[in-house]
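Trainee: Show me the folded form of this:
(chains A and B)
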2 protein chains.
Amino acid sequence: MSQLDKVLDHIDANLDASLERLFAFLRIASISTDPAHAQDCRRAAEHVKAELDGLGFAAEVHATPGHPVVLGHQQGEGKPSVLFYGHYDVQPVDPLDLWTNPPFEPRIETLADGSKVIRARGAADDKGQILTFLEAVRAWKAVTGDLPVNVSVLIEGEEEVGSVNLPAFVDANLDRLRADAVLVCDTNQWDADTPAITTGLRGLVHDEIIIRTADRDLHSGLFGGAAQNAIQVLAGVIAALRDGEGRITIPGFYDGVPEIPEEVREQWRGLGLDARTFLGPVGLSEPAGEKDRYVIEQIQSRPAFDINGIIGGYTGEGSKTVIPAQARAKITFRLVGEQNPVKVRDAFRAYVRSLIPADASVTFGAGDGAGAVSVPLDSPLLAKAAGALRDEWNKPPVTIGGGGSIPIIATFQNRLGATPLLVGFGLEDDRIHSPNEKYSLTNFHKGTRSWARILQALAE
Amino acid sequence: MSQLDKVLDHIDANLDASLERLFAFLRIASISTDPAHAQDCRRAAEHVKAELDGLGFAAEVHATPGHPVVLGHQQGEGKPSVLFYGHYDVQPVDPLDLWTNPPFEPRIETLADGSKVIRARGAADDKGQILTFLEAVRAWKAVTGDLPVNVSVLIEGEEEVGSVNLPAFVDANLDRLRADAVLVCDTNQWDADTPAITTGLRGLVHDEIIIRTADRDLHSGLFGGAAQNAIQVLAGVIAALRDGEGRITIPGFYDGVPEIPEEVREQWRGLGLDARTFLGPVGLSEPAGEKDRYVIEQIQSRPAFDINGIIGGYTGEGSKTVIPAQARAKITFRLVGEQNPVKVRDAFRAYVRSLIPADASVTFGAGDGAGAVSVPLDSPLLAKAAGALRDEWNKPPVTIGGGGSIPIIATFQNRLGATPLLVGFGLEDDRIHSPNEKYSLTNFHKGTRSWARILQALAE
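Mentor: Below you'll find the model as predicted:
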């Protein structure tokens, strides 16, 4: 029996204990965007540090102007070095009444098809995925007392709010973070049976539009028909940001968006991912983006714009005949190719300003962001990981162009010169960022086994 | 000294006691739209009944399917009969943090210009205005032991939610409500120095637009660009309801809207109410309605459409990269002339349905409403009231075409055949329906004196 086989057996035999550890992590309500949960974020960081210490890492919790960062090392001579990156923070849980169990009381559920899932906020994004790696490390240590490669682990607490303080932390700790590869487990598989390596990630710009009109809410009986209505102005702005063909109308927005080579489009067509297959499981049928693009292009190789939230005026029970003096909307852009996040934000704001009528004014939110990332397809790292994944899943991984954004990856690439290796075991129906988030129990188990294999492959 | 002079002196001498009674009424948080305040509405009704009993009325609290109605009578032989109508319910108070004092803890404030105001929710709309009438009644009773006319008083608790149960109550009590005139004190003066009689009220239609897209909120990283966004759809609908000229685009919407005679337009022009005069005090400058109409036309003789509130997606602190599956907006129409509220509602809904794209659906709210009201300008009642107001204010009242809506007035006109007499002492800057509602102390005092005069004039 090879060392690797012993490690894999150890993982199989200790799955329940792995789950116990995951549940303890999931019980911490580390919602980074909500100041009321700052103490929970601190607890999550301390929890990660304790886990790393237990695995023989030299780990520390580092304060930042926001939530703390945890960094640990396990180094030996003459081995390649990898940096594993993940985040202990999670998305908010509202609307809470749509959850079938309390979001921070994890449990195993058996679905109608007999499959088992781990149900909790953070199960897939990203605590469950982090633990696939740490449990693989644990098995290697338990079986061999060592690791095939040198491993540093960096777990932050602000990924869900744009990793605002991490670039400065990276800059201040370049020597301690130096590695040949950055391993990230915060992405999806192709489908439940098919692993994937993500080689492109869309960039992200967050902003908020705040419209103000009169100096107070007005009575619509007295002023209706004459006074500017902040919601009407905001709706007009939002409607004008997209044309009838699904294109974003901001001047210069598509600058730096590359055309996908025809052979890649061909390959995508061959995957059989039509609109119904992709959108059907969430109750949709027709791609809402640019009309001349396949659904897979819309989500992988084209930029996107979304309104994430809107509020203004009276939103309580019943009715109130008010002309609201303020309305606001949270928005995000997904960027691809060479689209520059600062240029996109500035062009967006200039265009919105040009749409504001008399008696209305606009201000904006933080407007932070990061550009898109792409990993060279010819990297030897990719070949090694692909082999390991094929061994575990009995089929080769699909190379996917991206979709979600992990803003810090660009920083790792630029500052550390490390090649990102993005392997994750999430599924599209995991409901991350929604009520009833889940993570497949099979994927947690086989994900852990996959990392055990990848760690060995990277040493070869 | 005439009887009337004695009554007016009595009002002057007892102003502090009148204010005490008003404050006791204002302390009751009778927010009709919020089920959490149902008990407060009940308390407000009992409070009104006790006041009426104390004034020698035979008063009763009548249950309805909603909040109760209070009805009291004081009848003698051979006198004209009037029915006074008002409402004890008030608007919600949010956003609470914009109030400078707790909304149900009334107090007198001295403004920068030295004038005094009564600050509380309901101070102007409608508790303060109700008490101008009841305190006039009190003075007549105290000085003469009688009233110049027979008076019935009907105070309801659902005006702010469309008086949904009052028509049935009126139908069931026609004989007890019969009167020559319906007196209403829920309107404004022309300005601080000039009284007004309102002879037209715009109708009102309430509705809500609820857009649904996917069967759950989606992650904008995975689905952004491909999945329909409920807020985007809602914004598109709202934007499409109005054209670039400020006209409402619903087919047939303007059916039944009369053109104002040129001589009336001339008269309005002569009033010197330009856009800046009307809109300046609330921080606006340019009429937002139909571009070819004067501001006074926009608010008095033209229909209007407003979005009163909107909500969808993530509206908490920070950001959340979600594609919302639901968004909703509360809306109202103000109607004029012969516009039919049911036809307007149905045309609105049909038009909205025609705007809904693939993968989105729409449902609506209650959609209730009432048509516009106009009072004949040649009624002798108007002449009597105008004389009384002129005597009090030393200038004749302006006859104004309306603006706000009091849905039940049409019912009184149609079912009771009574002429409505709408006299109120509110001011445009009273912030009714907004934080920091107030009522001028001078207007409370002179309003009470005005009703004392009108009661005598109506007996002549």
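
Trainee: What number of residues are in the vicinity of residue A:28?
Mentor: Residue A:28 is flanked by 23 other residues according to other CB atoms under 10 Å in any protein chain shown. All C-beta atoms are positioned from the backbone trio N, CA, C, and that covers glycine.

Trainee: State the three-state secondary structure for it.
Mentor: Classification of residue A:28 by DSSP: H, G, I helix; E, B strand; the rest coil places it in coil.

Trainee: Not counting sequence-adjacent ones, nearest residue to it?
Mentor: Leaving out its chain neighbours, the residue that sits closest to residue A:28 by CB to CB, 6 or more residues apart in numbering or on different chains is residue A:44, at 4.5 Å.

Trainee: So that neighbour versus residue A:437, what's the distance?
Mentor: With distances taken as CB to CB, to the nearest Å, residue A:44 is found 16 Å from residue A:437.

Trainee: hmm, back to that, verify the stated contact: the residue nearest to residue A:28 with residue A:157.
Mentor: Yes. Assessed by CB atoms under 8 Å, residue A:44 is found in contact with residue A:157 at 6.6 Å.

Trainee: for the stretch 351-460 of chain A, which spans come out with low pLDDT?
Mentor: Applying pLDDT under 70 to the stretch 351-460 of chain A flags the ranges A:402-404.

Trainee: and it, which of its residues are near chain B?
Mentor: With CB under 8 Å from any CB of the partner chain as the criterion, the stretch 351-460 of chain A comes near chain B at residues A:357-359, A:403-405, A:428, A:431-435.

Trainee: let's see it at 7 Å
Mentor: A:358-359, A:403-405, A:428, A:431-434 (CB under 7 Å from any CB of the partner chain).

Trainee: Residue A:190: which of those residues is nearest?
Mentor: Nearest to residue A:190 among these, counting by CB to CB, is residue A:428 at 9.5 Å.

Trainee: The closest one reaches residue A:188, doesn't it?
Mentor: Yes. Between residue A:428 and residue A:188 a contact is recorded at 6.2 Å, counting by CB atoms under 7 Å.

Trainee: the more surrounded of the two?
Mentor: residue A:188 (25 against 19).

Trainee: Show the contacting residues for the more buried one.
Mentor: Contact partners of residue A:188, counting by CB atoms under 7 Å, 6 or more residues apart in numbering or on different chains, are A:196, A:424, A:426-428.

Trainee: Can I get the residues you listed in a markdown table including distance to residue B:227?
Mentor: Shown next, in a markdown table, are the contacts of residue A:188 (distance: CB to CB, whole Å):
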| residue | distance to residue B:227 |
| --- | --- |
| A:196 | 20 |
| A:424 | 21 |
| A:426 | 17 |
| A:427 | 16 |
| A:428 | 11 |
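
Trainee: neighbour-wise, which of these leads?
Mentor: That'd be residue A:426 among the contacts of residue A:188, by other CB under 10 Å, with 27 neighbours.

Trainee: Ramachandran angles for the nearest residue to it once chain neighbours are set aside?
Mentor: Closest residue in space to residue A:426, ignoring its immediate chain neighbours: residue A:188 at 4.1 Å, by CB to CB, 6+ apart. Taking degrees, to the nearest 10, you get phi -100, psi 160 for the backbone angles of residue A:188.

Trainee: what helix or strand does residue A:169 sit in?
Mentor: If you go by DSSP states H and E, residue A:169 is part of helix A:166-172.

Trainee: where does the stretch 151-300 of chain A come near chain B, residue by residue?
Mentor: So the stretch 151-300 of chain A meets chain B at A:161, A:206, A:213-229, A:231-232, A:235-236, A:238-239, A:242, A:278-279, A:282-289, A:295, A:298-299 (CB under 7 Å from any CB).

Trainee: And the residues you listed, which of them are buried?
Mentor: Neighbour counting by 16 or more other CB atoms under 10 Å in any protein chain shown classes A:161, A:206, A:213-214, A:216-229, A:231-232, A:235-236, A:238-239, A:242, A:278-279, A:282-284, A:286-289, A:295, A:298-299 among these as buried.

Trainee: on that earlier part again, overlap in contacts, residue A:44 and residue A:157.
Mentor: Both residue A:44 and residue A:157 are in contact with A:30, A:88, where contact means CB under 7 Å, 6+ apart.

Trainee: Would you mind identifying the next helix or strand past the helix or strand bottoming out on mean pLDDT in chain A?
Mentor: Ranked by mean pLDDT, DSSP states H and E, the helix or strand of chain A with the weakest confidence is helix A:262-270, at a mean of 75. On the C-terminal side of helix A:262-270, the closest following helix or strand by DSSP H and E is helix A:275-279.
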